[in-house]
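Trainee: sequence? don't have it. structure:
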């Protein structure tokens, strides 16, 4: 599919056409270049990139979706919402939407090219709980890794909860990494507990996921570097759960995070 066709399917919340005559794309390098062209189209029409999402950091769901390594893509001023603990996200004009509880970082400075956990920690401003609404334009959520990249890394919407300065959690990257890795989340739909997860699921911890992403971003030709003010959401701690309008979901993270509730 061309970048224009990819963007049109996104705007229309339409499944990609399948004619069965050509194999699904599998080349990740080509997929990222296609995704960068879609990014350019969105900027040209007035949208502003405000950071990135990382997908498939949770190794426990790799086999379920047939994707065995993390992916990444941009998030936008038109898709990101901030709240103190309760927010509303309109899932109209999304395609097969699902919900994921995640940890989000606010970036204070561009990470160095040889980033370590400690130098990366120095570039983090704040930490927050979040809900990412993901979507797939491939029927029944069946895709190749390259297709997920071309599909905007499956990003649809992002709700960012209460932001807390990173240094109020920990005084070093190692300490923050340990804290986030052992933190648990309980995901509820209404009063029903749907699943529990832990930070270690995402590449051994959200700060490790961020470090992996920074290195991959720096290796991708043409990809813009992280900038001060960017947000990065680091991947789901549970499976991605199908959602519908009119639902209320709540993520109860261990202290020191406050619960985050979303109404769709």
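Mentor: Good, I have the coordinates. All values reported here derive from a predicted model rather than from experimental measurement.
Trainee: any idea how far the spatially most central residue of the chain lies from residue 230?
Mentor: Of all residues in the chain, the one closest to the mean position by Cα atoms, centre = their mean is residue 53, 3.3 Å from it. Separation of residue 53 from residue 230 (Cβ to Cβ, to the nearest Å) stands at 11 Å. C-beta here means a position set from N, CA and C on the backbone, and glycine is covered the same way.
Trainee: related to what we said a few turns ago, ok, and what's touching whichever strand or helix holds the residue nearest to the centre of the chain?
Mentor: For residue 53, the host element (DSSP states H and E) is strand 49-55. Residues from elsewhere that reach strand 49-55 (Cβ atoms under 8 Å, 6 or more residues apart in numbering): 39, 42-43, 70-77, 80, 107, 132, 134, 148, 153-155, 158, 209-210, 212-213, 217, 224, 226, 229-235.
Trainee: buried ones in that strand, by neighbour count?
Mentor: Under the neighbour-count criterion of 16 or more other Cβ atoms under 10 Å, strand 49-55 has 49-55 buried.
Trainee: pick the one among those closest to residue 179.
Mentor: Taking Cβ to Cβ as the measure, residue 179 lies nearest residue 54 of these, at 19.0 Å.
Trainee: bridged to that closest one, which residues?
Mentor: residue 72 (DSSP bridges).
Trainee: centre of the chain versus the helix or strand where residue 252 lies, how much separation?
Mentor: For residue 252, the host element (DSSP H and E) is strand 248-253. Centroid separation for strand 248-253 versus its chain: 17 Å, with Cα atoms, centre = their mean, to the nearest Å.
Trainee: so where is this protein shaky, pLDDT-wise?
Mentor: 20-22 (pLDDT under 70).
Trainee: helices of that one, residue ranges please.
Mentor: Counting by DSSP state H, one finds helices in the chain at the ranges 3-12, 28-44, 62-65, 117-121, 145-150, 173-182, 206-219.
Trainee: mind giving me the packing neighbours of the fourth one?
Mentor: I take that to be helix 117-121. Other elements packing on helix 117-121 under the criterion 3 or more Cβ pairs under 8 Å, 6 or more residues apart in numbering; DSSP states H and E are helix 173-182, helix 206-219.
Trainee: quick one: buried residues of the last one?
Mentor: Along helix 206-219, the positions that meet the burial threshold by neighbour count (16+ other Cβ under 10 Å) are 206-214, 216-217.
Trainee: quick one: residues in contact with that helix.
Mentor: Contact with helix 206-219 is made by 52, 54, 57, 70, 72, 102-103, 105, 111, 113, 115-117, 120-121, 124, 173, 176-177, 180-181, 199, 202-203, 223, 225-226, 232, 234-235, as judged by Cβ under 8 Å, 6+ apart.
Trainee: now residue 198. Nearest residue, chain neighbours left out?
Mentor: residue 184 (5.0 Å; Cβ to Cβ, 6 or more residues apart in numbering).
Trainee: how much space between that neighbour and residue 263?
Mentor: Residue 184 is 23 Å from residue 263, by Cβ to Cβ.
Trainee: next one: residue 186
Mentor: In this view, residue 186 and residue 263 are 18 Å apart by Cβ to Cβ.
Trainee: looking at those two, which one has more neighbours?
Mentor: Per other Cβ atoms under 10 Å, whichever of residue 186 and residue 263 has more neighbours is residue 186, with 17 against 14.
Trainee: the nearest residue to the more buried one once chain neighbours are set aside: neighbour count?
Mentor: Once flanking residues are discounted, residue 186 sits nearest to residue 252: 4.5 Å by Cβ to Cβ, 6+ apart. A total of 18 residues lie near residue 252 under the criterion other Cβ under 10 Å.
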